[in-house]
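In: Have a look; sequence and predicted model below, questions after that.
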Amino acid sequence: MTEPNPAEPASKNFIEVEIEKDFASKPQLAGRTVATRFPPEPNGYLHIGHAKSICLNFGLARTYGGTCNLRFDDTNPSKENDEYVQSIMNDVRWLGFEWSNLHYASDYFGQLYDWAVQLVRDGKAFVCDLSFDEMRAYRGTLTEPGKNSPFRDRSVEENLDLFERMKKGEFADGTRTLRAKIDMSSPNTNLRDPVMYRIMHAHHHRTGDAWCIYPMYDWAHGQSDSIENITHSICTLEFENHRPLYDWFCQNLGIYHPRQMEFARMNLTYTVMSKRKLLQLVNEKHVEGWDDPRMPTISGLRRRGYTPESLHLFCDRIGVARFNSTIDVIILENSIRDHLNSVASRYMAVLDPIKVVLTNYPDTTEYLDAVNNPEDESTGVRQLPFSKELYIEREDFMETPPSKFFRLKPGGEVRLRYAYIIRCEEVVKDADGNIVQLNCTYDADTKSGSPNATERKVKGTIHWVSAPQAAKVKVRLYDRLFLNDHPEDAPEGKTFLDNINPNSIKVIDAMVEPALAKLEIGARVQFERNGYYCVDTKDSKPGAPVFNRIVTLKDTWAKISAKS
RNA sequence: UGCCCCGUGGUGUAAUUGGCAACACAAGUGAUUUUGGUUCAUUUAUUCUAGGUUCGAGUCCUAGCGGGGUAGCCA
């Protein structure tokens, strides 16, 4: 994969610094290289926040010549399924990464069970009969210590027997748990005899009905890391309070002990990131699915037209730290602009057409050379039909323009890109006063590329398409899904749903140069002076593309005109 | 209200570990431009506050203030 604008040796983030320290000082790491893992739970689609984690974990393996596993944290069968597994693998690969090994926490259920028995034998775990509510009452609060469960002092034999019968399915869901025996008075509530196993008679997407007890995250995660010989187990900040428990399990089992490190998860302005909210947007049909081009999911961004390179660039730019921050979505948008600016071919497309008739142009068609990509000469030129009847953008003409308006106006001149300078001679209106046509004259001496083309200067250059050859295509103009930079900030009685932008999608018909109708599915192009677009992968048909607007071009004029 | 973590330009990250606060992005200004794009130049900081240690503090210490996490048989 090509990395655009490879940021020169960026300074190391704190994780890299710590990793290098560890390898320089820890004997158990001697002769090894970094081993990380990306551990998603297959209970939803990956989003841009996961992309940060993926770039971090796989990126570490890449920069240090180590390994990175993909491991599905599938310990809760009630929420997980194979559709999510497939989408996650697809997304990771699309981002340009390949895992060293593919694992499932469920592959370790047997080992985990044996280790649990070991802890029971060592008197470090017990079967607890407390109900859900009782357990909560016994746990204490943030300020008060908890109380020991009345079942805490069961004999090893009784615990062994009960635990085995839990496994065999003799008890109903929720009636018993296996708990680690740690410290009910710990200020860290994670250490107050945490549950290791719960009874759940549920069908698992991989193990089927083989199990009716399932390990909790804390009991499964660190041990999975240990089994896979992970050196650095990188997770988000909310697991920080779990680290003592992570360490406790490894130590009390006497097994290889990876180091857990936490970093801040990403927040993005104008978007929601929690799986719950994303799921709600999908289920309640506020969007058309997980891969709706307005979704911050990786599949949504992909369909929108974002490139893997642009996401890598974005992740490089936002960095990694332990401070909870919110990234301005502009950074994301500029990342795709930067990448596409260098690789996207330019085309002419008029989204809101107004007809222009060149009254002094002959009734013929000529073909003009147009540069495909000024940033990349190797892409060459193409031939653009030009004739007496054209379309230009409605907003490129103003009857009574402000002073800094460099485009077409009555009696004014403008260059048609790759063609001629034209002058607006007459504004034709319908009975209601709407402008329906502009009659213009062209100056034959100003043809682009001709020796004297640049003799006469005009302030503005606008895009156009030749009417007879123009193709009509569907274009979906996407905008941000939310109006508010922090969608969660809703007034009393409202929710983030009330902050949804009602104009986040607008479907129009555009008149475009013929070549655009023949683009292959998934192609990304620039509509000159307008923005970057992508041929939608789902709704396009051969010869009938549907374009998604990825992002507009920067628009200095919009800023100027907004000011005045 | 216990415990844990975090406060550096507008935003996001750096600072050789105690030695000239740097980079990217954004925003502004100017130049270039047959995309009002791109590109180039340029401007933007009492390092949360108050003390302390030191020749010297963003960095170390103390206190305060502010933000986040945490009381699932979720991950």
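Out: Everything's here; your move. Small disclaimer: the values here were computed from a predicted structure and weren't measured.
In: which parts of the stretch 251-400 of chain A sit against RNA strand B?
Out: Residues of the stretch 251-400 of chain A found near RNA strand B (Cβ under 7 Å from any atom of the strand) are A:264, A:317-328, A:330-331, A:334, A:337-338, A:341, A:346, A:373-375. (C-beta placed from N, C-alpha, C; glycine too.)
In: out of those, which are inside helices?
Out: A:317-318, A:330-331, A:334, A:337-338, A:341 (DSSP state H).
In: Of those - the most surrounded one?
Out: Per-residue neighbour counts (other Cβ atoms under 10 Å) across these peak at residue A:337, which has 20 neighbours.
In: May I ask which helix or strand encompasses the spatially closest residue to it that is not a sequence neighbour?
Out: Nearest residue to residue A:337, sequence neighbours excluded (Cβ to Cβ, 6 or more residues apart in numbering): residue A:551, at 5.9 Å. According to DSSP states H and E, residue A:551 maps onto strand A:546-552.
In: What pairs with that strand, parallel or antiparallel?
Out: Applying DSSP bridges, strand A:546-552 is found paired with strand A:471-478 (parallel), strand A:531-535 (antiparallel).
In: between those strands, which gets nearest to RNA strand B?
Out: The closest approach between RNA strand B and any of the strands paired with strand A:546-552, judged by Cβ to the nearest atom of the strand, belongs to strand A:531-535 at 9.0 Å.
In: Need the contact partners of the closest one.
Out: Residues from elsewhere that reach strand A:531-535, judged by Cβ atoms under 8 Å, 6 or more residues apart in numbering: A:303-305, A:336-337, A:340, A:344, A:349, A:475, A:519-527, A:545-553.
In: now it, how far from the chain's geometric center?
Out: Offset of strand A:531-535 from its chain centre (Cα atoms, centre = their mean, to the nearest Å): 17 Å.
In: Whatever residue of the stretch 351-500 of chain A ends up closest to RNA strand B in helix, strand or coil?
Out: Of all residues in the stretch 351-500 of chain A, residue A:448 sits closest to RNA strand B, at 2.5 Å by Cβ to the nearest atom of the strand. Following DSSP: H, G, I helix; E, B strand; the rest coil, residue A:448 is assigned to coil.
In: Now do the same contact list for the closest residue in space to it that isn't next to it in sequence.
Out: Once flanking residues are discounted, residue A:448 sits nearest to residue A:418: 4.9 Å by Cβ to Cβ, 6+ apart. Residues near residue A:418 by Cβ under 8 Å, 6+ apart: A:368-371, A:384, A:448.
In: Using TSV, lay out these together with neighbour count and distance to residue A:503.
Out: TSV is the format used below for the contacts of residue A:418 (neighbours: other Cβ atoms under 10 Å; distance: Cβ to Cβ, whole Å):
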residue	neighbour count	distance to residue A:503
A:368	19	36
A:369	12	38
A:370	20	32
A:371	17	34
A:384	22	32
A:448	18	37
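In: Which members of these are positioned in strands?
Out: Counted as lying in strands by DSSP state E, out of those, are A:368-371, A:384.
In: Could you dump those residues into a markdown table with distance to residue A:101 and pLDDT added?
Out: Below are those laid out as a markdown table (distance: Cβ to Cβ, whole Å; pLDDT from 0 to 100):
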| residue | distance to residue A:101 | pLDDT |
| --- | --- | --- |
| A:368 | 56 | 97 |
| A:369 | 53 | 96 |
| A:370 | 50 | 97 |
| A:371 | 47 | 97 |
| A:384 | 52 | 97 |
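In: Can you show me the helices along the stretch 101-250 of chain A?
Out: A:109-121, A:132-139, A:156-168, A:217-227, A:243-253 (DSSP state H, counting those that start in this stretch).
In: hey, which of those is tucked in deepest?
Out: Most buried of the helices of the stretch 101-250 of chain A, by mean neighbour count (mean count of other Cβ atoms under 10 Å): helix A:217-227, with a mean of 23.
In: That helix packs against which elements?
Out: helix A:109-121, strand A:195-199, strand A:232-236, helix A:243-253 (3 or more Cβ pairs under 8 Å, 6 or more residues apart in numbering; DSSP states H and E).
In: Let's have those in TSV, adding mean pLDDT.
Out: Shown next, in TSV, are the helices and strands packed on helix A:217-227 (pLDDT from 0 to 100):
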stretch	mean pLDDT
helix A:109-121	98
strand A:195-199	98
strand A:232-236	97
helix A:243-253	98
